[in-house]
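Engineer: I need the structure of the sequence given here:
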Amino acid sequence: MSRPNTQRWGGVSQTLHWLIALLILTLGIVGLTMGELPKTPKYFWVYTAHKSLGITVLTMVVLRLGWRLYAGAPPAVPGTPTWQERIASVTHALLYVLMFGIPLSGWIYDSASGLRPFRWFGLVDVPKLVAPDPQTVAISHAIHEYGFWLLVAVVAAHAGAALYHHVFQRDATLVRMLPRGWISSPQKD
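Structural biologist: As a prediction, this is how the structure comes out:
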């Protein structure tokens, strides 16, 4: 298993990063559209798939954080100002909080709603975290919904910063999270 070296993120970190990003994008699209579905068997299938993917993301984020603690991270790209490093650290911490908080709030929302238990992709019973409670439903739903919109904003800033570094700073910040050969490091003038 590849750990990050002094130049790049390792393969495990890259795989988890992009897989989690893809799953969150899928969850966001499904979450924004599933309320419009008619109450048919497909509706319940979509909700269960959304919940299952959310639990999957939560599990992958736990794995990613564990891997990050084990493997570490490459140092900042040489020449990166300290204030940018600090903003990047705060942004990453906020991303982790949201990647934990949004699935957990969804799980609590489902638990507090008193809905029938669901099975993760039809395979494993997912336990309820709390007893049915209308106040917990309201709070967890608000955290789930507003947390999603905050995540959208933070991810946009995160991606924008990576593109800024690539296009304007002309450094390897973006390239080192991509598989080798996807794009080359920009050359400084």
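Engineer: What distance do you get for the closest residue to H166 other than its chain neighbours to K51?
Structural biologist: Nearest non-adjacent residue to H166, counting by C-beta to C-beta, 6 or more residues apart in numbering: L174, 4.1 Å away. The C-beta positions use only the backbone N, C-alpha and C, and glycine is treated the same way. Using C-beta to C-beta, to the nearest Å, we find L174 at a distance of 33 Å from K51.
Engineer: same question, P74
Structural biologist: P74 sits 35 Å away from K51, going by C-beta to C-beta.
Engineer: Neighbour count for these two, which is higher?
Structural biologist: A direct count of neighbours by other C-beta atoms under 10 Å for P74 and K51 places K51 higher, at 22 against 18.
Engineer: At which residues are the strands of the protein located?
Structural biologist: Using DSSP state E, the strands of the chain run over 119-120, 124-125.
Engineer: Would you format those strands as a markdown table with distance to Y146 included?
Structural biologist: Listed next are the strands of the chain as a markdown table, based on distance: least, C-beta to C-beta, whole Å:
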| stretch | distance to Y146 |
| --- | --- |
| strand 119-120 | 25 |
| strand 124-125 | 29 |
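Engineer: nearest to H144, of those strands?
Structural biologist: Judged by C-beta to C-beta, the one of the strands of the chain that comes nearest to H144 is strand 119-120, at 18.0 Å.
Engineer: How about the contacts made by the residue nearest in space to the middle of the chain?
Structural biologist: Residue closest to the mean C-alpha point of the chain, counted by C-alpha atoms, centre = their mean, is M99 at 4.6 Å. By C-beta atoms under 8 Å, 6 or more residues apart in numbering, M99 lies in contact with I20, I24, V57, L58, V61, L151.
Engineer: Throw those into JSON lines and include pLDDT and neighbour count, thanks.
Structural biologist: Formatted as JSON lines, the contacts of M99 follow (pLDDT from 0 to 100; neighbours: other C-beta atoms under 10 Å):
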{"residue": "I20", "pLDDT": "97", "neighbour count": "18"}
{"residue": "I24", "pLDDT": "97", "neighbour count": "24"}
{"residue": "V57", "pLDDT": "97", "neighbour count": "23"}
{"residue": "L58", "pLDDT": "98", "neighbour count": "18"}
{"residue": "V61", "pLDDT": "97", "neighbour count": "21"}
{"residue": "L151", "pLDDT": "98", "neighbour count": "20"}
